[in-house]
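A.B. asks: Structural data only, the sequence is not supplied:
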């Protein structure tokens, strides 16, 4: 299973936003995030529209405008961010729940393996917060 750029970029941008939002009440412009993270501004605008619709960020217009997290970084999970940009976290190739991936709609022999892997990935990303990412708590010891 591979997370697409949509999910990865959304997490990168939200981590950047969380890091910059340490200054109280400061909105962060998408152009700043785009430059720091080397992500296309137009692509970020699309992602942040989805993040805003899901209630993870709020926008402020005008001078000093930009985006803010709606909750603290500690209260925002990585799984929420990935889901907000419509990124599926499944490792099976089955299109619909209960429908198998084989030609006749049967489940393949390895379906349970991949489904369990997807569940583990989901559980892990749900257990990691933006604060964990920003603080470096996930770094492995050298």
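C.D. replies: Perfect, thanks for sending it. Small disclaimer: the values here were computed from a predicted structure and weren't measured. Numbering: from 1, shown residues only.

A.B. asks: average model confidence for the helix or strand hosting residue 42?
C.D. replies: In the assignment (DSSP states H and E), residue 42 maps to helix 41-53. Regarding helix 41-53, the rounded mean pLDDT is 96.

A.B. asks: Okay, buried residues for the helix or strand of the chain with the lowest mean pLDDT please.
C.D. replies: One helix or strand of the chain scores below all others by mean pLDDT, DSSP states H and E: helix 111-127, with a mean of 89. Within helix 111-127, the residues that qualify as buried are 111, 114-115, 118, 121-122, 125, counting by 16 or more other CB atoms under 10 Å. Where you see a C-beta, it was placed from the backbone N, CA and C, and this is true even at glycine.

A.B. asks: can you give me the helices in this protein?
C.D. replies: Along the chain, counting by DSSP state H, helices occupy 5-20, 30-37, 41-53, 78-84, 111-127, 130-135.

A.B. asks: will you turn the ones you listed into CSV that also has distance to residue 68?
C.D. replies: Listed next are these as CSV, based on distance: least, CB to CB, whole Å:
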stretch, distance to residue 68
helix 5-20, 8
helix 30-37, 12
helix 41-53, 11
helix 78-84, 15
helix 111-127, 23
helix 130-135, 13
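
A.B. asks: looking at the ones you listed, which is closest to residue 59?
C.D. replies: helix 41-53 (6.1 Å; CB to CB).
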